[in-house]
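>>> My questions are about this predicted structure, shown below with the sequence.
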Amino acid sequence: MDSIRTLEDPEATVLALDIGGTYTKAGLVSRSGEIRHVAVMDTASGDPFEQYVPRLAELFDRLRKASEKADPLAMGVGAPNASSQSGMMETPPNFQWGDRIPIANTCSKLWELPVFLTNDANAAALGEGRFGAARGLTDFVTLTLGTGLGSGIVSGGRLLTGANGLAGELGHINVFPEGRQCNCGLKGCLETYASVTGIRRTVFELIANRREPSVLEHYAFEELTGRIISEAANEGDALALEAFDYTAGILGTKMADTVAHLDPEAFVISGGLSQAGAILLEPLKRALEERLFPVYRGRVRVLMSSYTSEQAVLGPAALAWEKLEEGLGGR
Ligand SMILES: [Zn+2]
């Protein structure tokens, strides 16, 4: 097999690894964003990290076997609470892997490649900018509304990283100083309202404070998913619709604040809650426009991500391609 060693070779790929709380996805991705092969496994984030490493090695082996030309130029990794500076995942929520997990070193031992690491939300922003809904934009903010709220900021064509590589944690900006308790220890953080978990809390508050019947009354908190709330709203359930309006009102207000800081061209919304589509998007656009400082009105688009869950590898792939183009060697 001829070795591929230039960025320009059309066969050239990078290895992209997306580590989520539920699934780990690895893929070989070309420079144009074509996913040549992908392999998925359960992350099993409740088991020790020592058990994850051999399973990750097997996942990489599956890719090597799937592709005869598996000769990637570099590896891009997106993971929760990952720091590009330390190469570690640092106290990731929902993982029982410890406080400092040497994920970059682990990956480079399993497949000898330069490894580039960033947190999952920043990887998502890079992926949307290079291959997705924000393609061609230089100033945008991605918001991933899942279990929590992840965000990434691209300003002037560059991912905003900050002094410590921690910029863009919009999930933990304050909505109400004495608001809902957040997992981070603060109160009233945006993600306690604008996320799948947040809208579930809103539904239960509304049920407690209202008399009108709702189909959502019949669910326990753990059973209630974003999909169930979306379906109820689509069928005209008044309480579900009110929950979406409330969520969109809070998120739209905070997005208007973000516009005042950054003057972006667009927001890209993804994650479980975005599957609600227009039921979220329409009140969100209205709330944003109403709260915007007048000079920004009519200038900020709200886009929905078109990525399927397998395409999550495009984020870390974009990171690896960007670093290779910058001529960096990786860790
Ligand atoms: Zn918080």
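That came in fine, so what should we check first?
>>> so Leu28 sits in a strand?
Yes. Leu28: assigned to a strand according to DSSP: H, G, I helix; E, B strand; the rest coil.
>>> burial of it, as a residue count?
Residues near Leu28, counting by other Cβ atoms under 10 Å, number 25. Where you see a C-beta, it was placed from the backbone N, CA and C, and this is true even at glycine.
>>> who's in contact with Arg180?
Taking Cβ atoms under 8 Å, 6 or more residues apart in numbering, we find Arg180 in contact with Lys187, Gly188, Cys189, Thr192, Tyr193, Gly198, Arg201.
>>> Intersect those residues with the contacts of the ion.
Under the cut-off given by Cβ under 5 Å from the ion, the ion has Cys189 from the contacts of Arg180 close to it.
>>> any idea which of the contacts of Arg180 is closest to Ala133?
Gly198 (22.7 Å; Cβ to Cβ).
>>> Of the contacts of Arg180, select the buried ones using a PyMOL command.
Buried members of the contacts of Arg180, defined by 16 or more other Cβ atoms under 10 Å, are picked up in PyMOL with:
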select buried, resi 188+189+192+193+198+201
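>>> can you list the weak-confidence ranges in this protein?
1-5, 329-331 (pLDDT under 70).
>>> care to break it down by domain?
Residue ranges for the domains of the chain, per automatic domain parsing: 13-126+310-325, 136-306.
>>> So what does Lys285 look like in phi/psi?
phi -60, psi -40 (degrees, to the nearest 10).
>>> roughly how far apart are it and the ion?
25 Å (Cβ to the ion, to the nearest Å).
>>> Enumerate every residue touching that residue.
Lys285 neighbours (Cβ under 8 Å, 6+ apart): Gly252, Val302.
>>> got it, and Ala104?
Val77, Gly87, Met88, Val115, Leu117, Arg331.
>>> go again using 10 Å as the cut-off
75, 77, 79, 82-84, 86-89, 115-117, 330-331 (Cβ atoms under 10 Å, 6 or more residues apart in numbering).
>>> So the closest residue to it other than its chain neighbours, which state does it fall into?
Spatial nearest neighbour of Ala104, excluding adjacent residues (Cβ to Cβ, 6 or more residues apart in numbering): Gly87 at 3.5 Å. Of the three states, Gly87 takes coil under three-state DSSP.
>>> Number the chain from 46, please
Got it, first residue is 46 now, which makes that one Gly132.
>>> List buried members of the contacts of Ala149 by neighbour count.
120, 122, 124, 127-129, 132-134, 160-162, 375-376.
>>> Just those residues: which are in helices?
Using DSSP state H, no member of the buried ones among the contacts of Ala149 falls within helices.
>>> Now those residues in CSV, please, with extra columns for distance to the ion.
CSV is the format used below for those (distance: Cβ to the ion, whole Å):
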residue, distance to the ion
Met120, 31
Val122, 24
Ala124, 19
Ala127, 18
Ser128, 18
Ser129, 22
Gly132, 25
Met133, 21
Met134, 18
Val160, 29
Phe161, 27
Leu162, 23
Gly375, 32
Arg376, 29
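>>> how about the residue nearest to Ala149, phi and psi?
The phi/psi pair for Gly132 (degrees, to the nearest 10) is phi 80, psi 10.
>>> can you tell me how far Ser319 sits from Pro328?
Ser319 sits 13 Å away from Pro328, going by Cβ to Cβ, to the nearest Å.
>>> What of Glu236?
In terms of Cβ to Cβ, Glu236 sits 18 Å off from Pro328.
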